[in-house]
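A.B. asks: got a sequence here, can you build the structure:
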Amino acid sequence: MRASIGIGLEVKVDGSLSALVRQLQRYAQHDAVDALLVATTRARLHAVPTTLSGKPIAVALLLTGGL
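C.D. replies: Numbers count the residues shown, from 1 in each chain. Below you'll find the predicted structure:
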């Protein structure tokens, strides 16, 4: 049994939603990955599935221009 949790992190500032989902699907195929996190500045990339290959996906929308 593994003692740690594997989180795949994808940071996106550009690109299409379909390309992002394809990349996340590749990450989700790895046994070492238990969950996925997407950090993006693009609101349109927030529409990813909530799970892929049984692994949960969270999205962090990074807002710009606030400071």
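A.B. asks: low-scoring stretches of this structure, by residue?
C.D. replies: Low-confidence regions of the chain, defined by pLDDT under 70, span residues 1-3, 65-67.
A.B. asks: mind listing what the spatially most central residue of it touches?
C.D. replies: Among the residues of the chain, Val38 comes closest to the average C-alpha position under Cα atoms, centre = their mean, at 3.2 Å. For Val38, the contacting residues are 9-12, 20, 24, 45, 48, 57-60, taking Cβ atoms under 8 Å, 6 or more residues apart in numbering as the criterion. For the C-beta atoms, the positions are set from N, CA and C on the backbone; glycine is no exception.
A.B. asks: going along the chain, name the helices of the chain.
C.D. replies: Listed from the start of the chain, the chain has helices (DSSP state H) covering 17-28.
A.B. asks: still on that earlier bit, show me just the buried residues among the contacts of Val38.
C.D. replies: Among the contacts of Val38, those classed as buried by 16 or more other Cβ atoms under 10 Å are 10, 12, 20, 24, 45, 48, 57, 59.
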